[in-house]
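[1] give me coordinates for this.
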Amino acid sequence: MNYEVVIVGAGSAGISVASRLIKGSPDLKGKISIVDPAKKHYYQPLWTLVGAGEAKKESTERDQGSLIPDGVDWIQEAVVTIDPDRNTLTTDKESVIHYHFLVMAAGIQVNWNQIKGLEEAIGKEGVCSNYAFEYADSTWESIRQYKGGNAIFTHPNTPIKCGGAPQKIMYLADDAFRKAGVRKQGEIIFASASDSVFAVEKYAKTLENVIERKGIQTKYKRNLIEVDLGNKLAVFENLETGEMEKFPYSLLHVVPPMSAPAFIAKSKLADEAGWVDVDPYTLQHKKYKNVFGIGDCANLPTSKTGAAIRKQAPVTAGNLISLMNGKPLTLKYDGYTSCPLITGINRLVLAEFTYGNEPAVTFPFDQSKERRSMYILKKNILPTMYWKGMLKGIM
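    The predicted structure follows:
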């Protein structure tokens, strides 16, 4: 198989870029392929609200085939090796795909098996997670069944997609516990491998106030390494002392460790940490100039969010078209990302920032304050923008 452009990954990044390439250069129709075996496509940002009983998970799912742009071939196979010196990919079905230009949009790898006992425990007896479609319902079930004891919410010591999500569900759980009259029967604990609640000071101050208002205990520099389902114990490594600490739990919301996809990490496209090694502004690969990287699989020094991809997609597509036409790469990505930080039902802080954690707000008001309007934006408006705008390459 031979294509002018091959896109690895049919998530938000891959489909957005494909749509923009077709719009920006209609002669590419029939010359682009997307390689991805997934039959379903998910709007993952809404899984937090699914886990809080505020949305139905079925609303986050679409058939992948319905989203592939016209004029783009969909190869329903998984990439296993990349040879950028020969401009080829091989798949799990032993297909060899040749390309002139390559876009790496393969997302992030979720490593459930890196926490001892997690695979056996997830979805059972209060152990839950919003980081997979099949487990999001278990979060709401665990919240509804909570009667007291420790409710622990974790954040791992690896890069993750949607860095604010580990604490969003915690604030929503607090609201649910209060509504059910069980909040005083136990403690909510935020056990995070990070050393603070949020990296951007402007928004961190608000979140610290939320934590104080809700009476949440924080245990920073703690990384979850084991779930002991039989004894209902969460085992953490204290990253400052190296000691193991065990906490009993009634509810344990786990954010699993994540990494670059394995086939990328072992390829020549990867940096030392395994991510696609791209220029942070043009998104072109630093060595292989006919390769671009976008989204969670790229080594961009910013939070891995859908909002970041929305800003990266026009840069990737535009610069790729320029390269194909022998023109300079003039479009620049400034590191923009956004974390809609839900702090409770009908409360949200819209955190927006660029490289260097510099705030970059959209609206003409103080976005570090909790607002109902921003909650409505998150719940009702952004999903529509995603399905009808971003994936179609028009916003």
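[2] domain ranges for the chain?
    2-108+260-335+387-392, 112-257 (automatic domain parsing).
[3] out of these, flag the one nearest Ile345.
    Closest to Ile345 of the domains of the chain is domain 112-257 (CB to CB; 5.0 Å). All C-beta spots, glycine's among them, are computed from the backbone N, C-alpha and C.
[4] ok now the closest one, how far from the chain's centre?
    Taking the mean of its C-alpha atoms, domain 112-257 sits 17 Å from the chain's own mean (CA atoms, centre = their mean, to the nearest Å).
[5] for Leu348, find the nearest of the domains of the chain.
    When the domains of the chain are ranked by proximity to Leu348 (CB to CB), domain 112-257 comes first, at 8.9 Å.
[6] avg pLDDT for that closest one?
    Confidence over domain 112-257 (mean pLDDT, whole number) is 97.
[7] quick one: end-to-end distance for that domain.
    Start-to-end span of domain 112-257 (CA to CA, to the nearest Å) is 7 Å.
[8] wait, what's in contact with His48?
    One correction, residue 48 is Thr, not His. Contact analysis of Thr48 by CB atoms under 8 Å, 6 or more residues apart in numbering lists Asn130, Ala165, Lys168, Ile169, Leu172, Ile342.
[9] which one of those residues sits closest to Val315?
    When the contacts of Thr48 are compared for distance to Val315 (CB to CB), Ala165 wins out at 24.9 Å.
[10] can you tell me how far that closest one is from Ala78?
    Ala165 sits at a distance of 26 Å from Ala78 (criterion: CB to CB, to the nearest Å).
[11] which one of these two has more residues nearby?
    Ranked by neighbour count (other CB atoms under 10 Å), Ala165 and Ala78 place Ala165 first, with 25 against 16.
[12] just checking, the more buried one touches Ala136?
    No: counting by CB atoms under 8 Å, no contact exists between Ala165 and Ala136, whose distance comes to 11.2 Å.
[13] need the overlap of contacts for the two.
    Looking at what touches both Ala165 and Ala136 (by CB under 8 Å, 6+ apart), the common residues are Trp47, Asn130.
[14] and the residue most central in space within the chain, how far from Cys297?
    In the chain, the C-alpha nearest the mean C-alpha coordinate belongs to Lys161, at 2.5 Å (CA atoms, centre = their mean). When distances are taken as CB to CB, Lys161 and Cys297 turn out to be 11 Å apart.
[15] for Glu243, same thing?
    As defined by CB to CB, Glu243 lies at a distance of 34 Å from Cys297.
[16] follow-up on the earlier one: list the residues that contact the residue nearest to the centre of the chain.
    Gln44, Gly107, Ile108, Met258, Asp296, Lys304, Thr305.
[17] take the residues you listed and write them to JSON lines, including neighbour count.
    Converted to JSON lines, these look like this (neighbours: other CB atoms under 10 Å):
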{"residue": "Gln44", "neighbour count": "23"}
{"residue": "Gly107", "neighbour count": "26"}
{"residue": "Ile108", "neighbour count": "19"}
{"residue": "Met258", "neighbour count": "19"}
{"residue": "Asp296", "neighbour count": "29"}
{"residue": "Lys304", "neighbour count": "20"}
{"residue": "Thr305", "neighbour count": "25"}
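[18] nearest to Gly215, of the residues you listed?
    Each of those was scored against Gly215 by CB to CB, and Thr305 proved nearest at 28.6 Å.
[19] and the residue nearest to the centre of the chain, how far from Gly274?
    Per CB to CB, Lys161 is found 15 Å from Gly274.
[20] quick one, helices of the stretch 51-200 of the chain?
    118-121, 136-145, 165-180 (DSSP state H, counting those that start in this stretch).
[21] just name the most buried of these.
    Per residue and on average, the most neighbours among the helices of the stretch 51-200 of the chain fall to helix 165-180, with a mean of 22 (mean count of other CB atoms under 10 Å).
[22] can you list contacts of that helix?
    Counting by CB under 8 Å, 6+ apart, helix 165-180 makes contact with 47-49, 51-54, 130-131, 139, 143-144, 146, 151, 153-155, 160, 183, 188, 190, 192, 197, 207, 210, 214, 216, 251, 253, 255, 341-345, 347, all of which sit outside it.
[23] pull the CA atoms of that helix into CSV?
    What follows is helix 165-180 as a C-alpha-only set of coordinates in CSV (Å, rounded to 0.1, in the frame of the first residue of the first chain):
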residue,chain,number,x,y,z
ALA,A,165,-9.3,14.8,35.7
PRO,A,166,-8.0,13.0,38.8
GLN,A,167,-9.2,15.8,41.1
LYS,A,168,-12.4,16.7,39.2
ILE,A,169,-14.2,13.5,40.1
MET,A,170,-13.1,14.0,43.7
TYR,A,171,-14.9,17.3,44.0
LEU,A,172,-18.0,15.8,42.4
ALA,A,173,-17.9,12.9,44.7
ASP,A,174,-17.8,15.3,47.7
ASP,A,175,-21.0,16.9,46.4
ALA,A,176,-22.6,13.5,46.0
PHE,A,177,-21.6,12.4,49.5
ARG,A,178,-23.0,15.6,51.0
LYS,A,179,-26.3,15.1,49.1
ALA,A,180,-26.5,11.5,50.4
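[24] between helix 136-145 and it, find me the angle.
    If you take axes from the mean of the first three to the mean of the last three CA atoms, to 10 degrees, helix 165-180 sits at 40 degrees to helix 136-145.
[25] from now on call the first residue 166
    Understood, numbering begins at 166; the last thing we discussed is helix 330-345.
[26] now Val514. Nearest residue, chain neighbours left out?
    What sits nearest to Val514 in space, not counting adjacent residues and going by CB to CB, 6 or more residues apart in numbering, is Leu506, at 4.3 Å.
[27] surely the one you found touches Ala369?
    No: Leu506 is beyond contact range of Ala369, at 10.2 Å (criterion: CB under 8 Å).
[28] now the common contact residues for the two.
    Counting by CB under 8 Å, 6+ apart, the residues touching both Leu506 and Ala369 are Phe363.
[29] looking at the two, which one has more neighbours?
    Set Leu506 next to Ala369 and count neighbours by other CB under 10 Å: Leu506 wins out with 27 against 16.
[30] ok, Ala358 touching Ile390?
    No: under the contact definition of CB under 8 Å, Ala358 does not touch Ile390, with a separation of 10.3 Å.
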